[in-house]
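Chemist: A structural model of the following input is requested.
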Amino acid sequence: MPLSLYLLALALFAMGTSEFMLSGLLPAVAADFHVSVGTAGTLTSAFAAGMVVGAPLMAALARNWPPRFSLFAFLAVFLAAHLIGAVTESFAVLLVTRVVAALANAGFLAVALTTATASVPPRQRGRALAVLLSGTTVAMIAGVPGGSLLGTALGWRATFLAVAVLCVPAAAGVLKGIPSRQQHTAVALRPELAELRKPRLVLVIALAVLVNAVTFGHFTFLAPVVTDVAGLGDWWVSVVLVLFGVGSFAGVTTGGRLSGSAARPVVAIGGVLVLSGWFSLDVLGREPIVLLPLVFALGVVSFAVGSTLIARVLHHAAGAPTMAGSYATTALNIGAVAGPLLFVAQ
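Modeler: The predicted model follows:
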């Protein structure tokens, strides 16, 4: 795989760490700004909303820009948002920086998905996506726990600065690793949007929303399953989250290798396993000896199916070379936002 893919994955590691780590830092943020934890929680809601609307808006904005410029610009904005967030004394300013960071994150991912698949031969596109998305899964394994530890030791502002620092080599890598004159197909926006009329594309997008909604709807409330359902101590929560992260990394890798040759079996069989596994977690998870391997397995199948669906979205949206990545990103983000909300509403 090209070195540029690993540098893009580094950027997604920083962005994934930023997206997921804040939930563990909310009490410290609330205390620093003298607001309630509920009010501090709007920081995560604002980021989620920015991710949902940011992918299509930012992709449309950057569609006529060279990929290298787009990726660097989004990274620079993301970095600046974290620097401002780390030093501000105003909660309102921090809230704005989270929205801006989410918009930059969504735009970067949308462009990175199409750039990754365009940088390799068709047969290697699944593996290219696996390398790219590994940045997010490694963030779940190492970035989020590391950010939590750093925040505990040095304060939540240190985690924002750390994320900004991680963006520096990623940005340098984009400038060095992405060709300045990479082939860029100019297509009018209306035909790209017309791709959304394809029944197969709509079906794959709907499946991506469903899988991500089920996955993140249950993952968000995994801690109570560990402590209340399985009866384990609080420190086991971190163990279970790491297990899920390791499983998700294995799933992305597996999905990348199979998305080209066995996409239908992965989605058909894996999709059933995702739904049945998550919805049986409250029952099967009562026994710790079952819960631990089950969470790992759910990480594998959830991300194997999810990464395969991303590859299929890009495949079926081939007529939308600049917007296809935003379709995949939006589907995943809608699922990630809707899932927890629907879970709470039950």
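Chemist: so how many other residues sit close to Gly245?
Modeler: 25 (other Cβ atoms under 10 Å). No exception for glycine: its C-beta is placed from N, CA and C like everyone else's.
Chemist: Which elements pack onto the helix or strand encompassing it?
Modeler: Taking DSSP states H and E as the criterion, Gly245 maps to helix 235-258. Contacts defined by 3 or more Cβ pairs under 8 Å, 6 or more residues apart in numbering; DSSP states H and E place helix 235-258 against helix 125-138, helix 144-154, helix 222-224, helix 263-279, helix 288-316.
Chemist: Would you format these as a markdown table with distance to Val337, mean neighbour count and mean pLDDT included?
Modeler: Formatted as a markdown table, the helices and strands packed on helix 235-258 follow (distance: least, Cβ to Cβ, whole Å; neighbours: other Cβ atoms under 10 Å; pLDDT from 0 to 100):
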| stretch | distance to Val337 | mean neighbour count | mean pLDDT |
| --- | --- | --- | --- |
| helix 125-138 | 16 | 25 | 84 |
| helix 144-154 | 18 | 17 | 78 |
| helix 222-224 | 17 | 16 | 80 |
| helix 263-279 | 17 | 17 | 91 |
| helix 288-316 | 15 | 23 | 91 |
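Chemist: Number of residues surrounding Ala14?
Modeler: With other Cβ under 10 Å as criterion, Ala14 counts 26.
Chemist: That one against Ala171, yeah?
Modeler: No. If you go by Cβ atoms under 8 Å, Ala14 and Ala171 don't touch, sitting 10.0 Å apart.
Chemist: Need the three-state assignment for Gly231.
Modeler: Three-state call for Gly231 (DSSP: H, G, I helix; E, B strand; the rest coil): coil.
Chemist: I meant to write Ala320 there.
Modeler: coil.
Chemist: ok, now which ones touch it?
Modeler: Residues near Ala320 by Cβ atoms under 8 Å, 6 or more residues apart in numbering: Val187, Pro191, Glu192, Leu193, Glu195, Tyr327.
Chemist: Buried only: go through these for me.
Modeler: In terms of neighbour count (16 or more other Cβ atoms under 10 Å), the buried residues within the contacts of Ala320 are Glu192, Glu195, Tyr327.
Chemist: Please render the helices and strands packed on helix 235-258 as TSV that adds distance to Asp234 to the earlier fields.
Modeler: Converted to TSV, the helices and strands packed on helix 235-258 look like this (distance: least, Cβ to Cβ, whole Å):
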stretch	distance to Asp234
helix 125-138	24
helix 144-154	13
helix 222-224	8
helix 263-279	22
helix 288-316	14
